[in-house]
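> pasting the sequence and the predicted coordinates here, then a few questions.
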Amino acid sequence: MVIAARDVTLTLGDAAAPTHILKGVDFAVRRGESVALLGPSGSGKSSLMAILSGLERATGGEVRVAGLDFAALDEDELAKARRGRIGIVLQAFHLLPTMTARENVAVPMELAGSDDAFARADAELAAVGLGHRLDHYPAQLSGGEQQRVAIARALGPRPTLVFADEPTGNLDAATGAQVMDLLFDRQRATGATLLVITHDPALAERCDRIVTLGDGRIVSDSGR
Ligand SMILES: Nc1ncnc2c1ncn2[C@@H]1O[C@H](COP(=O)(O)OP(=O)(O)OP(=O)(O)O)[C@@H](O)[C@H]1O
């Protein structure tokens with residue numbers, strides 16, 4: 001299993017007024033699987049993704065991702081472990097505005113220790129159909145193009161896992177569908193495992209498995 005989460009809880013706020021956001025989530029994902037995470041607004045999807053991607057710590061339970069026990073790692077070790085193993089694609093793209101497309105893709109690979117990061121960035125951008133936009137800045141790219149750069153950036157270091165939080169949320173339907181075609185293509189080509197938060201049932205249907213959260217718990221799982 002590339003993700004093995006057991007009885008994961010997340011409680012925020014002070015002891016007098018705690019907010020129970022995740023209430024005991026058991027969740028396992030096989031290597032190479034694509035999983036859609038559905039659920040109403042506020043059900044805990046983004047919180048679960050933050051925990052599984054190592055950006056936030058669970059309050060309780062066990063989280064093992066890509067063979068690592070997150071609870072056993074300190075902040076520095078966790079940050080280092082994430083690099084290269086976990087790629088993230090967000091709704092709002094989050095490219096660095098002062099860097100070109102090539103630099104946005106190359107820099108994370110350099111940080112992950114690659115010595116040919118720029119050549120690899122060019123290949124990644126070509127793979128998402130942006131070989132002719134290498135030196136463009138984010139402001140010079142359309143929303144769909146920016147998200148394709150974000151996909152190249154996330155997949156470039158060949159992560160074991162890719163997390164995508166509403167990756168088509170800022171795109172029109174046709175552009176969103178093209179972006180998802182690319183994300184699935186690149187996921188399959190690289191053998192990555194994909195977890196995608198979405199409100200779009202059509203997108204969810206394209207995944208191997210659909211998991212639905214409700215009020216901090218898994219309420220259905222097509223893989224069970
Ligand atoms: N730092 C925080 N402090 C207190 N409550 C929080 C905090 N972060 C999130 N929450 C609450 O946790 C719940 C789950 O939030 P989360 O963002 O995980 O939901 P979601 O399912 O991703 O929602 P959406 O689809 O709207 O993005 C919400 O009720 C939210 O208000």
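Structure's in. What do you need? Numbers count the residues shown, from 1 in each chain.

> in the chain, which helix is the longest?
helix 173-190 (DSSP state H).

> list the buried residues for that one?
Across helix 173-190, burial judged by 16 or more other C-beta atoms under 10 Å covers 175-176, 178-180, 182-184, 186-187, 190. Placement of C-beta: from N, CA and C, glycine included.

> now do it: distance to the chain's middle.
14 Å (C-alpha atoms, centre = their mean, to the nearest Å).

> quick one: residues in contact with that helix.
34, 89, 127-129, 142-144, 147-148, 151-152, 155, 158, 162, 164, 167-168, 171, 192-194, 196, 200, 203, 206 (C-beta atoms under 8 Å, 6 or more residues apart in numbering).

> who are the packing partners of the helix or strand containing A106?
Here A106 sits within helix 101-111, counting by DSSP states H and E. Under the contact criterion of 3 or more C-beta pairs under 8 Å, 6 or more residues apart in numbering; DSSP states H and E, helix 101-111 touches helix 117-127, helix 143-155.

> do you know which of the ones you listed lies nearest the ligand?
Closest of those to the ligand is helix 143-155, at 17.7 Å (criterion: C-beta to the nearest ligand atom).

> ok, A123 - how many residues close by?
Neighbour count of A123, defined by other C-beta atoms under 10 Å: 14.

> got the buried residues for the helix or strand of the chain with the lowest mean pLDDT?
With mean pLDDT, DSSP states H and E as the measure, the helix or strand of the chain carrying the lowest mean pLDDT is helix 75-82 (a mean of 88). Neighbour-count burial for helix 75-82, counted by 16+ other C-beta under 10 Å, picks out 78, 81-82.

> would JSON lines of those with distance to the ligand be doable?
Shown next, in JSON lines, are the buried residues of helix 75-82 (distance: C-beta to the nearest ligand atom, whole Å):
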{"residue": "L78", "distance to the ligand": "19"}
{"residue": "A81", "distance to the ligand": "22"}
{"residue": "R82", "distance to the ligand": "19"}
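
> just give me the closest of those residues to A66.
Using C-beta to C-beta, A81 is the member of the buried residues of helix 75-82 that lies nearest A66, at 7.9 Å.

> tell me what the closest residue to the closest one other than its chain neighbours is bridged to.
Distance criterion C-beta to C-beta, 6 or more residues apart in numbering; nearest residue to A81, sequence neighbours excluded, is L68 at 5.3 Å. Beta-bridge pairing of L68, defined through DSSP bridges, involves V65.

> can you tell me which residue is spatially central in the protein?
Closest residue to the average C-alpha location of the chain: F163 at 1.4 Å, with C-alpha atoms, centre = their mean.

> I'd like to know which elements the helix or strand where that residue lies is packed against.
Remark: F163 resides in strand 161-165, with elements defined by DSSP H and E. Secondary-structure packing of strand 161-165 (3+ C-beta pairs under 8 Å, 6+ apart): helix 45-52, strand 86-90, helix 143-155, helix 173-190, strand 193-197.

> nearest to the ligand, out of the ones you listed?
The nearest among these, by C-beta to the nearest ligand atom, is helix 45-52 at 3.3 Å.

> tell me the helices and strands packed up against the closest one.
Using 3+ C-beta pairs under 8 Å, 6+ apart, helix 45-52 sits against strand 3-12, strand 19-29, strand 34-38, strand 60-65, strand 161-165, strand 193-197.
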